[in-house]
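>>> Quick one: sequence and predicted model below, then my questions.
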Amino acid sequence: MSSLLRVAVPNKGSLNAKAVALLHAAGYQQRTDSKELVVTDHENGIEFFYLRPRDIATYVGSGQLDMGITGRDLLIDSTAPAEEILALGFARSTFHFAGHPETAQSVHDLDGKTIATSYPAVVAKHLADHGVEAGGIVRLDGAVETALRLGVAEVIADVVETGATLAHLGLRIIGEPIMRSEAIVIQGQSDPSTDASQRFLRRLSGVLVARDYVLLDYDIEVANLDRAVAVSSGKEGPTISPLHREGWSAVRVMVPAARAHTIMDQLEQAGARAILVTKIQACRG
Ligand SMILES: Nc1ncnc2c1ncn2[C@@H]1O[C@H](COP(=O)(O)OP(=O)(O)OP(=O)(O)O)[C@@H](O)[C@H]1O
Ligand SMILES: O=P(O)(O)OC[C@H]1O[C@H](OP(=O)(O)OP(=O)(O)O)[C@H](O)[C@@H]1O
Ligand SMILES: [Mg+2]
């Protein structure tokens, strides 16, 4: 058995580019040619296997690979013995039933109906949870909406992002969302966490935090310092250093990127000057 941590990476689809970008940002070597199936990053003691997103939970669940990046919906649909250990916040999607407007209004109207989907296990579980018995579930690989047009099914269960595909076909969402998904890191259910797996997770989490926060630097008169610090006390509290200019301090603080401009407005009102925003590349701890 190799002592390298073995990690599955989606090789295609909505998950691929963002998963690779995240691993890059976390300092890992990634493939430079989409025909490469395995990349060994000796420097970081890790090996990446580029696999079909749908197969990743199967490899991780069977213990062939230690960890993997996949979609929550794909993990659940696989029924593989693997578990979610970190949510990554990209490839977000919502999974819905849909059909022609007159077909059904809620999940309870689906009794006896034929349902086409690429996620049969997710659908079967949802129906069972609601005590609904479908007329059958037809498993398709993609372009599921066409199943209605061709009469293969009366209802579909599929990812709806913008709703444009449904609108084009004159279809409507039926009932409440079946599930919400996003990219996640998975691990085998019985796998103990090791130093290597913990380090991998900390690196990814560090990048996610770095993406959500920015660094604010500003100068402020000591008399106004408390007012300014009250506007934004940062993740762990601000760093305050004396400025060469008598009676002034320099402040450095991490703030949520989404609120940076609002905080800058408030800091300016509190007397802050030379307010600078800097992107954070990565962070830890
Ligand atoms: N618009 C979208 N369509 C399909 N899946 C999406 C979408 N947005 C996010 N996802 C998520 O991406 C993952 C799907 O992986 P998959 O490889 O099937 O992606 P895909 O983009 O649909 O690829 P494909 O080109 O093979 O259809 C799932 O977790 C799914 O929830
Ligand atoms: O609500 P929308 O923004 O229109 O997105 C939803 C569509 O995107 C996905 O299809 P994809 O392009 O992955 O093709 P596929 O059906 O072959 O998987 C999904 O299966 C829907 O068809
Ligand atoms: Mg798709």
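That came in fine, so what should we check first? Ligands and ions are numbered 1, 2, ... in the order given.
>>> Pull the number of nearby residues for the residue in the stretch 51-200 of the chain that ligand 2 sits nearest to.
Nearest to ligand 2, among the residues of the stretch 51-200 of the chain, is residue 142, at 2.5 Å (C-beta to the nearest ligand atom). (Glycine included, C-beta is placed from N, CA and C.) A count of nearby residues for residue 142, using other C-beta atoms under 10 Å, gives 9.
>>> quick one: the residue of the stretch 1-150 of the chain found nearest ligand 1 and residue 138, what's the gap?
Proximity to ligand 1, evaluated over the stretch 1-150 of the chain using C-beta to the nearest ligand atom, is greatest for residue 71 at 1.9 Å. As judged by C-beta to C-beta, to the nearest Å, residue 71 and residue 138 stand 21 Å apart.
>>> do stretch 167-180 and ligand 1 meet at all?
No - with C-beta under 6 Å from any ligand atom as the measure, stretch 167-180 is seen stopping short of ligand 1, the closest distance being 8.9 Å.
>>> contact partners of that stretch?
72-73, 76, 92-101, 103-107, 109-110, 122-123, 126, 145, 148-149, 155-157, 160, 163, 166 (C-beta atoms under 8 Å, 6 or more residues apart in numbering).
>>> Quick check: the gap between the closest residue to residue 110 other than its chain neighbours and residue 124.
Nearest residue to residue 110, sequence neighbours excluded (C-beta to C-beta, 6 or more residues apart in numbering): residue 132, at 5.3 Å. As for residue 132, its distance to residue 124 is 10 Å (criterion: C-beta to C-beta).
>>> related to what we said a few turns ago, filter the contacts of stretch 167-180 down to the buried ones.
Those of the contacts of stretch 167-180 that meet the buried threshold are 72-73, 76, 93, 95-99, 103-104, 107, 109-110, 122-123, 126, 145, 148, 155-157, 160, 166, by 16 or more other C-beta atoms under 10 Å.
>>> show me where pLDDT drops low in the chain?
1-2 (pLDDT under 70).
>>> Just the helices from it, written as ranges.
Remark: helices assigned in the chain by DSSP state H are 13-25, 56-61, 72-78, 120-129, 146-149, 164-168, 195-212, 225-231, 260-269.
>>> among the ones you listed, which is the most enclosed?
With neighbours taken as mean count of other C-beta atoms under 10 Å, the helices of the chain reach their highest mean count in helix 56-61, at a mean of 25.
>>> and that one, what does it pack onto?
strand 5-10, strand 67-71, helix 72-78, strand 82-87, strand 183-188 (3 or more C-beta pairs under 8 Å, 6 or more residues apart in numbering; DSSP states H and E).
>>> looking at the sheet around the closest residue to residue 101 other than its chain neighbours, what are its partners?
In space, and not counting its chain neighbours, residue 101 is closest to residue 172: 4.9 Å by C-beta to C-beta, 6+ apart. Assessed by DSSP bridges, residue 172 has beta-bridge partners residue 99.
>>> just to revisit the earlier point, does the residue nearest to residue 110 touch residue 104 like I think?
No - if you go by C-beta atoms under 8 Å, residue 132 and residue 104 don't touch, sitting 10.3 Å apart.
>>> so who does the residue of the chain most remote from its centre touch?
The outermost residue of the chain relative to its centre, with distances by C-alpha atoms, centre = their mean, is residue 246 at 47.4 Å. The contact partners of residue 246, by C-beta under 8 Å, 6+ apart, come to none.
>>> where's residue 37 relative to residue 49, distance?
Counting by C-beta to C-beta, the gap from residue 37 to residue 49 is 7 Å.
>>> just residue 265 next, same as before
As judged by C-beta to C-beta, residue 265 and residue 49 stand 48 Å apart.
>>> Then residue 121?
According to C-beta to C-beta, residue 121 and residue 49 sit 23 Å apart.
>>> How much space separates residue 65 from residue 5?
Taking C-beta to C-beta as the measure, residue 65 falls 9 Å from residue 5.
>>> Have a look at those two and say which one is more surrounded.
residue 65 (23 against 20).
>>> dump the residue contacts of that one.
For residue 65, counting by C-beta under 8 Å, 6+ apart, the contacting residues are 6, 7, 8, 49, 56, 59.
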